[in-house]
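Novice: Below is the sequence, then the predicted model.
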Amino acid sequence: PYRKTLKVIDTGTNKVIGFLDEDFVRSTLDIDEYFILAGRVWKVDAIDFEDGLVRVSHEAREGILPAWTGEDIPVDYYVSRELGALKRRLTRSLNNEKRLIKLLSEYGLEKNAEKIRSILIKQLEACKCVPSDEEVLIESLGRIVIIHSHIGTKANTTLGLLVAYYLSRRLGIPAKFRALPHAVAIYSREVLPLNKIVEILEPNILSLLEDAIVSSNLYSYKLLQVARRFGILSKKVEKIPLNILKALLPTPAGEEAIAEVKVAFLDVLNLKKWLEVKNKKWKIKIIYRKQPCPLSEYIVNVFARSGYTTSAVPARLLINVVKQRLMESRIKLVCLNCGWSWTIKVKEFSGKIECPVCRFRLIAPVSPWDSDAERVVKKKKKGKKLSDEEKTKIKELVLAAKLFSKNGRKALLTLAGRGIGPKTSARILSKSPDEEELIKNIVEAERNFARTHKYWKK
């Protein structure tokens, strides 16, 4: 079917912030839902399919990542099984460097031998298990449960859909999931009952599949496509009313929509195969941890970077993720003597604070998009009269420069935070005895900015 994109408008500024694929909007979003776009979390205020608009407001809380067309090409069951087999063979070869490199060379990975070996050793030390095609690791982090299942993207999507449905509808625990080729992560704002999740990993869970499909947004989207195609609904209809959706469920259109969801997104056959033999052929290891295993850090990072499970991600990992993001941030340095400016990543700061042109040592860090700083500094240097706004700008630049001179990289980390200016930066630096506290205080300031900044615009 024809697929269009919808324009996303920030309600506060009325500016276009990006575009979303119609599939994602229909299958995932609703009014008051949260999602990630342009690195921020947005709350859906309104959806207008007729005009192709999604109106949103910025929020500092959990969200979900948009699924762009072609972004997540499903990895086949057999490819995932091969990955699991490779991990198993590599683990058995950790004490034989020659054999390890030979195995990796079959996949063109020999240059990464040391890094891969190091990760596998850390995994074994931390969890006594490397998940593979013959070993399933089920890992509880409280509000996140990760099932390391090498069964491909679609089979893991099926598994995630079933487990999330069971938790939400049968146990009353709201849950979402994210499927990867080699694992599925289940997330809730409540602590997840690992014993219940393990109990339901049996073939009979597939009896819930049609109910799980019908309760998902994927079904309502596919049903709309089918109903248009069958001539039941006009092509101008953008959303199926609930009463019509229920009425179409027992019809050929409803059956076709369920079938199309299975074909497009799910792999029931291979999930069934996996569930039937998992206890007979494969080892299952169940662990409870405060911090994710090394092989799980990537999965949890996906959540943490997106803001998906900020409250559920272990604090230490969240701090590392935020620090990494701040270190990769670009910041502009402006000389307060000559107005010369240059841009660096925070991680590139060498420790030397000096203008490369005039050797002046009072350098103000500002946003890369700040177009006024150089202009105001040069205007002041020429002795021209400054407006009240420009005088305020100079004071801010001087404060930023003093913070940078005194605190070095810590000042850059703070000023790289979203919505953090010199005054807020000064408060954060004064109450942060170490780097961990600094990052925590930056996160809190970013959240406060996200909560309140919409009220500043008048």
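Specialist: Looks like it came in fine. On a predicted model such as this, the values are computed, not experimentally measured, just so you know.
Novice: For the rest of this, base every contact and every neighbour count on C-alpha atoms.
Specialist: Noted.
Novice: Double-check Ala373 against Lys395; I have them as touching.
Specialist: No. With contact defined as Cα atoms under 8 Å, Ala373 does not reach Lys395; the gap is 11.1 Å.
Novice: Neighbour count for the two, which is higher?
Specialist: Ala373 (27 against 12; other Cα atoms under 10 Å).
Novice: contacts for stretch 338-357?
Specialist: 326-335, 358, 360-363, 368, 373-375, 377-378, 381, 405, 408-409, 412-413, 416 (Cα atoms under 8 Å, 6 or more residues apart in numbering).
Novice: which helix of this protein spans the most residues?
Specialist: Longest helix in the chain, counting residues (DSSP state H): helix 388-407.
Novice: Tell me which other helices or strands that helix touches.
Specialist: Counting contacts by 3 or more Cα pairs under 8 Å, 6 or more residues apart in numbering; DSSP states H and E, helix 388-407 is packed against strand 363-366, helix 373-381, helix 409-415, helix 422-430.
Novice: Could you look over the ones you listed and pick the most buried one?
Specialist: Burial of those is given as mean neighbour count (mean count of other Cα atoms under 10 Å); strand 363-366 ranks first at a mean of 27.
Novice: Point out the other helices and strands that that one packs with.
Specialist: Partner elements for strand 363-366 (3+ Cα pairs under 8 Å, 6+ apart): strand 330-335, helix 388-407, helix 409-415.
Novice: so the longest one versus strand 330-335, what angle?
Specialist: Yep, that's helix 388-407 we're talking about. Interaxial angle of helix 388-407 relative to strand 330-335 (axes from the mean of the first three to the mean of the last three Cα atoms, to 10 degrees): 100 degrees.
Novice: on that earlier part again, rebuild the helices and strands packed on strand 363-366 as JSON lines, extending it with mean pLDDT and distance to Lys272.
Specialist: As requested, the helices and strands packed on strand 363-366 are exported to JSON lines (pLDDT from 0 to 100; distance: least, Cα to Cα, whole Å):
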{"stretch": "strand 330-335", "mean pLDDT": "95", "distance to Lys272": "48"}
{"stretch": "helix 388-407", "mean pLDDT": "94", "distance to Lys272": "58"}
{"stretch": "helix 409-415", "mean pLDDT": "95", "distance to Lys272": "49"}
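Novice: The protein: strands as residue ranges?
Specialist: 5-10, 15-21, 34-37, 40-48, 53-58, 135-140, 144-148, 176-180, 183-187, 283-288, 330-335, 341-345, 363-366 (DSSP state E).
Novice: which of those strands has the lowest average pLDDT?
Specialist: Sorting the strands of the chain by mean pLDDT places strand 34-37 lowest, at a mean of 70.
Novice: List the contacts of the closest residue to Cys335 other than its chain neighbours.
Specialist: The shortest distance from Cys335 to any non-neighbouring residue, by Cα to Cα, 6 or more residues apart in numbering, is to Ile363 (4.7 Å). Contacts for Ile363 (Cα under 8 Å, 6+ apart) come out as 333-336, 353-355, 401, 404-405.
Novice: And the longest helix of the chain, what's buried?
Specialist: 390, 393-394, 396-405 (16 or more other Cα atoms under 10 Å).
Novice: Number of residues surrounding Val169?
Specialist: Just so we're on the same page, residue 169 is Arg rather than Val. The tally of other residues near Arg169 (other Cα under 10 Å) stands at 14.
Novice: An error on my part: the question was meant for Ile121.
Specialist: 16.
Novice: quick one: pLDDT of it?
Specialist: 94.
Novice: Also Pro314?
Specialist: 50.
Novice: before we move on, what about Arg305?
Specialist: 44.
Novice: Equivalent analysis for Lys272, please.
Specialist: Taking Lys272 on its own, its pLDDT is 93.
Novice: Same list, the buried residues of helix 388-407, but as JSON lines with distance to Arg26 please.
Specialist: Converted to JSON lines, those look like this (distance: Cα to Cα, whole Å):
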{"residue": "Glu390", "distance to Arg26": "47"}
{"residue": "Lys393", "distance to Arg26": "45"}
{"residue": "Ile394", "distance to Arg26": "48"}
{"residue": "Glu396", "distance to Arg26": "45"}
{"residue": "Leu397", "distance to Arg26": "46"}
{"residue": "Val398", "distance to Arg26": "49"}
{"residue": "Leu399", "distance to Arg26": "48"}
{"residue": "Ala400", "distance to Arg26": "45"}
{"residue": "Ala401", "distance to Arg26": "48"}
{"residue": "Lys402", "distance to Arg26": "50"}
{"residue": "Leu403", "distance to Arg26": "47"}
{"residue": "Phe404", "distance to Arg26": "47"}
{"residue": "Ser405", "distance to Arg26": "51"}
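Novice: from those, which two are the most distant?
Specialist: Spatially, the most separated pair among the buried residues of helix 388-407 is Glu390 and Ser405, at 22.4 Å (Cα to Cα).
Novice: Quick check on the contacts of Ile363: which are buried?
Specialist: Buried among those by 16+ other Cα under 10 Å: 333-336, 353, 355, 401, 404-405.
Novice: can you put the residues you listed in a markdown table and add distance to Val163?
Specialist: Listed next are the buried ones among the contacts of Ile363 as a markdown table, based on distance: Cα to Cα, whole Å:
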| residue | distance to Val163 |
| --- | --- |
| Leu333 | 50 |
| Val334 | 53 |
| Cys335 | 57 |
| Leu336 | 58 |
| Ile353 | 54 |
| Cys355 | 58 |
| Ala401 | 53 |
| Phe404 | 50 |
| Ser405 | 53 |
